Each structure stands twice: as C-alpha cells, then as structure tokens.
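>>> coordinates for the following, if possible.
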Amino acid sequence: MFERFTDDARQVTVRAQTEARGMGHPRIGTGHLLVALAAEPAGAGARALREHGLPSGTLRDAVRVSAAETPPRSRGRLARIHLPFTKSAKRAMELSLREAIARGHRSITTGHVLLGALRVEDGAAVRALHDAGADPAALRATAERLIEEAPE
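Model prediction:
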C-alpha cells in the first residue's frame with residue numbers, strides 16, 4: 001500500500017515514528033500520525049489542521065494526555081528498534097486507501113491520511129482532537145473540501 005503514498009504522505013509516516021519515539025511510545029498510533037500531519041509544511045491534511053487552529057504542538061500535548069495511561073519506555077531502547085503501527089493506525093492507513101479510491105485518486109495524499117485517521121473513531125487521533133477542543137466532523141469536511149480543491 002505504501003507504494004501508492006505520495007512523498008509527503010510517506011514523510012508523515014516517518015515523522016509519526018519520530019513522534020512516537022519522542023513520546024516514549026512503543027507503537028505508532030493515529031495520534032502520532034495526526035501530529036506528523038500538522039508538522040507538514042503543505043498538503044490538504046496540514047492545511048485542514050491549520051484552518052482549525054491545530055498546530056503540531058497543541059496536538060502533541062493532547063496525544064500525550066490521551067496516552068497518559070500508557071507508561072513511556074526508554075527512548076534509548078526505542079531508538080534502536082523499528083516501531084510497529086497500532087491496530088488503529090493500520091486501520092487508518094487502510095481507510096486512507098479507501099478514501100483515495102472513493103475519489104478516483106491513484107495516490108494516497110496527506111489529506112487521505114487525515115481522513116483515514118478521522119474515520120477510526122476510537123483512535124488516539126480523534127481523542128486528541130476532542131481533548132484539544134476540535135470537532136472531528138468539521139475537520140473532516142474541511143479536509144474533503146481541500147482535497148477536492150487541489151488534489152496533491
């Protein structure tokens with residue numbers, strides 16, 4: 001599936017791993033994808049988050065709070081291993097593919113990744129958005145509009 005990702009969408013997955021490591025988390029979750037999307041300089045996913053006043057720092061704090069029940073691991077140990085995706089993050093990736101296909105797009109963009117993460121309603125991304133005072137449904141509508149206005 002990753003062969004269909006645009007360069008920016010691939011970079012989001014790499015950045016999400018960096019975010020997970022930085023938080024001491026043993027897996028990459030939808031919350032880490034959300035923070036990584038917000039840190040992107042361009043793309044429909046990042047633009048949608050910015051339009052809703054959701055910078056990466058705010059989302060990073062919300063992800064940390066929503067994951068507080070998971071004790072962090074040693075960053076040194078995590079730096080040496082490949083971090084797997086959580087079930088929710090895997091589901092978000094599958095859903096991002098479905099979002100692209102539903103729109104007749106050949107590539108999976110950052111906008112599709114955001115839409116996929118938003119569809120995992122019990123995932124850390126949606127919890128973090130609620131914790132940050134954001135409306136996931138409104139964010140989804142913005143992302144859909146931006147994808148249609150300017151496909152990446």
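
>>> the helices in this protein, which residues?
7-22, 30-39, 44-51, 56-66, 75-79, 87-102, 110-119, 124-131, 136-149 (DSSP state H).

>>> report how many residues lie close to the nearest residue to Arg119 once chain neighbours are set aside.
Of all residues not flanking Arg119 in the chain, Leu95 sits nearest, at 4.6 Å (Cβ to Cβ, 6 or more residues apart in numbering). (Glycine included, C-beta is placed from N, CA and C.) Neighbourhood size, Leu95 [other Cβ atoms under 10 Å]: 18.

>>> any idea of the pLDDT on Phe2?
What the model reports for Phe2 is a pLDDT of 78.

>>> to what extent is it buried, counted in neighbours?
Phe2, neighbours per other Cβ under 10 Å, totals 9.

>>> quick one: contacts for it?
Applying Cβ atoms under 8 Å, 6 or more residues apart in numbering to Phe2 gives the contacts Arg10, Thr13.
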